[in-house]
Structures are given as structure tokens and as C-alpha cells.
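K.L.:
Got a sequence here, can you model it:
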Amino acid sequence: MSNKRVMQMTAVALAWLACVPALAASAVPLAQRIAATEQAARQHTLCQAIQPFYWEVGDVQGRQASGREGKDAPAGNTVMAIASSTKWLFGAYVAQVRNGQFTEQDIQALTMRTGYVNYQHRLCVKRIARRQNALTVAECFAESAPLAGRNDKLTPDAIGQFNYNGGHFQHWAVQSDLGALNNATLATRMNAVLGNELQIAFDSPQLPGGARMSGENYGRFLQKMLTGELVLGNHLGQYAVCANDKGCPGEAGKSPLPDDMRWHYSLAHWVEDDPASGDGAFSSAGAFGFYPWIDADKTHYGLIARQEDLFFDRPAPDSARCGAVLRRAWLSGAMP
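P.N.:
Reported below is the predicted structural model:
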């Protein structure tokens, strides 16, 4: 048999195998999947640990299941600070204005390898509302403090290495036409490009983490990626770089990931491909615990909406662990 024929047969086999999880999930009755996910959200230890929260699961048709778990849980329309879940919005914005034709500079920024690793987001949070609302994207990037230094300081030795830092995105924004925008005008621009129905708002003019949204509206954003209405949905996982030094010694610098999450970072979103525990989902966890995802096969989306301000509780990784449980329940129709 010729090598060409072998390659053709291998390609067909791989394509078929790639469909197996989606086919298996579709064979499970919807009512069974909903019941399993509801049970997991309510009773699984990893999900009980992060209550209260709102959760949602859906597909290209829209929301298929949702719920509120724990005392005083937020509702689907509760607007909250989503912190680094803003990053996925920004990645979608760049993909949309580029029509999916990314430049090398775009890719370097969206995979956090520009060398702008000195950015301190707290310098862009002002106590006086008038000052906060007037602050622009460019002014935020130029902020400085005696101990923190300048947000816009370039570290040449870090160019080309993954370092989790908002400076990469803020630099891209200033270099484009977003520098003069404040909270209100930045929200107007983002909504105009991604969809006014998303009702994105900003507490501070920070593309890496300043947005406020409801869980329901973030779900609509994820659905738009699944349908292809937002271009980034066709590029999930592309150009991914190692994002945890434990998985690639010397290749990755600063990362918020614990040792057991040896993920990669794609275009402003995570790829949950840890060899021991990952399922290949795409996600964008926020520091307060807001956690959206799209499964590896791009058959469904999901999210956990919560706002926990105690950073030492590590809200983001904990939400991600519960989210992985909900994905397994949804795909299998059984409590993990």
C-alpha cells in the first residue's frame, strides 16, 4: 500500500475518532444530561466548595440548562466583575477586527509573549469615581508607582516567553485605536464589534480584566463563538504556547496556574490540556471565580458565574475544577 494511501486512511480515521465524543454525547437523552449536570452542580464536592454560583450550559441553539446553587446565589442576569474572563472578550475583538487574519504582533500579544510584564492592574483603579470614569486605556498603561514601576515598561529578556500579565493586551490596545477610550467609550466599542446584546460594561479601562457582565450575556458570547458569528470560534486553541513551567521547564515564566494544571495558552484563552487531568476545553477563568468554557469538540459551552473577592481562596482554579465536573456530567449524562 502506498504511503499516500496510508496517510489518507489515517486522516479519515482521525477525523472519525474526533467525532466520537460528540456522537456519544448526542446519544445521551437531553433530560438525562440536564439531570446529571444539576446533580453535579448541587452535590459534587468540588462544586459544593465554590457555592454560591449560577451555572449555565448550552450549545449552538442557545441555553439548554442552568441553575443557582447555594444561599444567595446570583441569578443569570446578575451583573458582576468578571476579571480575567475579560481576556476572552478581547481576543474575540482582535479576531473580529482582523477577520481572523492575525499578524505576528497580534499572536505575540494574545499569547502573552510581548515582554510587557510589568503591568499592575491595581494602578488603574481609582477611588474617586470621576477620575476612574475619565481614565483612558493609554493613561492606564502609563500609570506608575514608586515600588511597582511603570505599567508600560518593556522587559526585553521576556520577549517571546509566556508571562501571564495584562501588559500584553494593554500595549496592543494602545498601539491600535483604543488608547483614547475610557470606560464608557470602550464598552461602546466592544459592544459594537462583538454584539450590543452582550451589554458589556467596564469598571476600569483594562482590556485584560476590567469588564462587567451577567452570566446570561457571557453565555450569549460563547454561543456566538460556537456558531461562528464571532471569528475567534474558528481559531480556538491555535498558536497555543506552554503556560506552566512545570510542563515545559524554561519555556514559560509567570503563570497563575497551580502545578496540577499544566495547560497551554492560545489566543487570549486557556487550553485545558494537562496530560493527567485535562480534557482539552477552552476557557478564560477570572480571578474572582467567574469561569466560562467551550468543550474541546466545540459542541457546547458552559459557565460558572460567581464573584469571590478573597484571592487567597484561589477562586479561579476552584471554579475550573467544578467546571470540569459539569462538563463530564453534561457529556456523559451521569454524576462524575
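K.L.:
phi, psi of the closest residue to Arg150 other than its chain neighbours?
P.N.:
Among residues not flanking Arg150 along the chain, Ser144 sits closest, at 4.2 Å (Cβ to Cβ, 6 or more residues apart in numbering). Just so you know, the C-beta spots here come from the backbone N, C-alpha and C atoms, and that holds for glycine as well. Note on Ser144: backbone dihedrals following degrees, to the nearest 10 are phi -150, psi 160.
K.L.:
Surely Ser144 touches Cys124?
P.N.:
No: with contact defined as Cβ atoms under 8 Å, Ser144 does not reach Cys124; the gap is 11.1 Å.
K.L.:
joint contacts of the two?
P.N.:
Asn151 (Cβ atoms under 8 Å, 6 or more residues apart in numbering).
K.L.:
beta partners of Glu69?
P.N.:
Beta-bridge partners for Glu69, by DSSP bridges, are Phe53.
K.L.:
May I have the predicted confidence score for it?
P.N.:
Glu69 is assigned 98 on the pLDDT scale.
K.L.:
Please apply the same query to the one 3 residues further on.
P.N.:
Each residue has a pLDDT score; the one for Asp72 is 96.
K.L.:
Okay, strands next: where are they in the protein?
P.N.:
53-59, 62-69, 79-81, 144-145, 149-150, 201-202, 211-214, 241-242, 264-265, 270-272, 281-283, 291-294, 301-305 (DSSP state E).
K.L.:
Need those strands in a markdown table (columns: mean neighbour count and distance to Leu194).
P.N.:
Output for the strands of the chain, formatted as a markdown table (neighbours: other Cβ atoms under 10 Å; distance: least, Cβ to Cβ, whole Å):
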| stretch | mean neighbour count | distance to Leu194 |
| --- | --- | --- |
| strand 53-59 | 23 | 17 |
| strand 62-69 | 18 | 17 |
| strand 79-81 | 19 | 16 |
| strand 144-145 | 12 | 31 |
| strand 149-150 | 14 | 30 |
| strand 201-202 | 22 | 13 |
| strand 211-214 | 24 | 11 |
| strand 241-242 | 19 | 25 |
| strand 264-265 | 23 | 21 |
| strand 270-272 | 23 | 19 |
| strand 281-283 | 25 | 17 |
| strand 291-294 | 28 | 14 |
| strand 301-305 | 29 | 15 |
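K.L.:
so which of the ones you listed comes closest to Leu89?
P.N.:
Among those, the nearest to Leu89 by Cβ to Cβ is strand 211-214 (6.1 Å).
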